[in-house]
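Trainee: Dropping a prediction and its sequence here:
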Amino acid sequence: MRLKDKVIIVTGATAGIGGAIATACIREGAKVLVHGINESEGKVLIAKLGDNAKLFLADLFDPNSPTLIVESAISHFGKIDGLVNNAALVERSTLDAETPESIERTLQVNLKAPFFLIQAAYEANVDWFLYTSSVGVYSPAEVFQEDSVWSTFPSPNDRFAGWTKRMGELQTEAYKIQYGFDRFSIVRPANVYGPYDNFHLENSHVIPALIRKFIAAKESNSPTVEVWGTGVATREFLYVGDTVKAIIDAMDCNETGPFNLGTGVETSIKELNETIAKLVGYEGEIVWDTNRPDGQPKRFYDMSKFKETFGYVPNTTLEDGLKETIDWYSNNKETARL
């Protein structure tokens, strides 16, 4: 067990990727402070994780929350060994749609809270911390390479949240510049999907929304399913199990990154829809609403840096990952985030 008896704080951990990270840390022998804002989801997760997990509810919009989170971990476990800054707001919008309230919330959750969490954890003699960034830091390009962020702007679709994530990376790196502290890692996951995801039709990512839509269409015998765009745009989809393995590896390495976390495999939105329809058994027609936007034409990672450092590239196939996700959603509709 690589994390035996380590005490780790994971923010945004009551569901989704954060919950998967907390679960993996427990499996590796750690004790985990599970931070989140959803009490019901948090209690369900803690019941599964057992006595080595502690739930702490706090809205990161509250400027006092970083200090309270660290104090809770120390009070309950006696120390802190690691911090995973995972919580984030990545809401897609245009700049003219932003309001003073939305900007302040995004700044507080994505920028201020991670900074003060690192500060509080550093003062508590934390051994390392990890920052989960986003594909949103990249500008449209044929291939996303880690160093290209220095000469480009975040995607127009993610521009404000993308900037805050980029600034979060720089804040993390500042601890090396000012204190010589180099026990940190920065990771940029691709489009993550898997069990325990958010399956809301309006504010979830593409895969869980499509899974829900196609299953509902099958159950209602709908002759058609309407989806946005032309289907020609391509994306890189990363199964949550692969994401968590890579993050655990990043915790345990001496390289700071940043690291792209992807699969090195491009999938068109058309292929994605057809694959989900096949796996759920939907036999109707997929109708493309070409008046709707395709979004960014391509999002594809250069995985050479990750492979050189860790010796592998995450390799759960899209079809295998989709099967796991579809099975989980089919068996957990009543408790899934909708």
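Mentor: On my side now, so go ahead.
Trainee: where does the stretch 151-300 of the chain dip in pLDDT?
Mentor: Residues of the stretch 151-300 of the chain meeting the criterion pLDDT under 70: 157-159.
Trainee: which stretches of it form strands?
Mentor: Along the stretch 151-300 of the chain, the stretches classed as strands by DSSP state E, counting those that start in this stretch are 184-189, 191-193, 224-228, 234-235, 237-239, 259-261, 267-268, 285-289.
Trainee: Indicate which one of the ones you listed is closest to N332.
Mentor: Ranking those by proximity to N332 (C-beta to C-beta) places strand 191-193 first, at 14.9 Å. Just so you know, the C-beta spots here come from the backbone N, C-alpha and C atoms, and that holds for glycine as well.
Trainee: Quick one, which of the strands of the stretch 151-300 of the chain gets closest to G136.
Mentor: strand 184-189 (9.0 Å).
Trainee: which strands and helices sit next to that closest one?
Mentor: Here strand 184-189 is seen to pack against strand 128-132, helix 159-179, helix 240-251, strand 259-261 when contacts are counted using 3 or more C-beta pairs under 8 Å, 6 or more residues apart in numbering; DSSP states H and E.
Trainee: if we go to 10 Å?
Mentor: strand 82-85, strand 128-132, helix 159-179, helix 240-251, strand 259-261 (3 or more C-beta pairs under 10 Å, 6 or more residues apart in numbering; DSSP states H and E).
Trainee: That one: how far from the chain's middle?
Mentor: Chain-centre distance of strand 184-189: 11 Å, with C-alpha atoms, centre = their mean, to the nearest Å.
Trainee: If you count neighbours, what's buried in that strand?
Mentor: F184, S185, I186, V187, R188, P189 (16 or more other C-beta atoms under 10 Å).
Trainee: circling back: of all the helices and strands packed on strand 184-189, which lies closest to E28?
Mentor: For those, proximity to E28 was assessed by C-beta to C-beta; helix 240-251 is nearest, at 6.4 Å.
Trainee: how about the CA coordinates for that closest one, as PDB?
Mentor: Extracted in PDB, the C-alpha atoms of helix 240-251 (Å, rounded to 0.1, in the frame of the first residue of the first chain):
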ATOM      1  CA  VAL A 240     -12.400   7.500 -14.200                       C
ATOM      2  CA  GLY A 241     -10.600   4.400 -13.000                       C
ATOM      3  CA  ASP A 242      -7.600   5.300 -15.300                       C
ATOM      4  CA  THR A 243      -7.800   8.900 -14.100                       C
ATOM      5  CA  VAL A 244      -7.500   7.900 -10.500                       C
ATOM      6  CA  LYS A 245      -4.600   5.500 -11.100                       C
ATOM      7  CA  ALA A 246      -2.700   8.200 -12.900                       C
ATOM      8  CA  ILE A 247      -3.400  10.700 -10.100                       C
ATOM      9  CA  ILE A 248      -2.100   8.200  -7.500                       C
ATOM     10  CA  ASP A 249       1.000   7.700  -9.600                       C
ATOM     11  CA  ALA A 250       1.500  11.400  -9.800                       C
ATOM     12  CA  MET A 251       1.200  11.700  -6.000                       C
END
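Trainee: That helix packs against which elements?
Mentor: Against helix 240-251 (3+ C-beta pairs under 10 Å, 6+ apart) you get helix 16-27, strand 82-85, strand 128-132, strand 184-189, strand 191-193, strand 259-261, helix 304-310, helix 318-331.
Trainee: count of neighbours near E271?
Mentor: Taking other C-beta atoms under 10 Å as the criterion, the count of residues near E271 is 13.
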